[in-house]
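*Asks:* Here's a sequence, model it:
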Amino acid sequence: MLVGLNVIDDESYQSYRDEMTPILLSHGGGFGYDFEISEVLKSRTEAPINRLFTIYFSNEDSMNLFFLNEEYLEIKERNFEKAVTDTTIIATYGR
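*Replies:* Numbers count the residues shown, from 1 in each chain. Next comes the predicted model:
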């Protein structure tokens, strides 16, 4: 997946990443690339983007199980929700 975010609290976002990464790895996932960006030249959305990354999984089922994981959802609620105002899924698994 290619994901764009608007991160407004770097410390909380880093806590989110640190806490969720072991769960991500246990579901066969990981991060491929991660960028902080200062300017978006073209976008198909009005949502601002200042962070861009790729996240991968061994298959679509693993991805779905990860995003439904209760521990992950608790971490997301605790850290991600206050750190990120906008999420843009630019590309994902196709069917």
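*Asks:* contacts, neighbours, all on C-alpha from now
*Replies:* Fine.
*Asks:* Can you name the next helix or strand after whichever helix in the chain runs longest?
*Replies:* Longest helix in the chain by number of residues (criterion: DSSP state H): helix 10-26. Next helix or strand after helix 10-26 toward the C-terminus (DSSP states H and E): strand 30-36.
*Asks:* So which other helices or strands are in contact with that next one?
*Replies:* strand 51-56 (3 or more C-alpha pairs under 8 Å, 6 or more residues apart in numbering; DSSP states H and E).
*Asks:* List the residues that contact the closest residue in space to G29 that isn't next to it in sequence.
*Replies:* Spatially, and ignoring its direct neighbours in sequence, G29 is nearest to F57 (4.1 Å; C-alpha to C-alpha, 6 or more residues apart in numbering). For F57, the contact set (C-alpha atoms under 8 Å, 6 or more residues apart in numbering) comprises H27, G28, G29, G30, M63.
*Asks:* separation between F57 and G32?
*Replies:* The gap separating F57 from G32 is 10 Å, by C-alpha to C-alpha, to the nearest Å.
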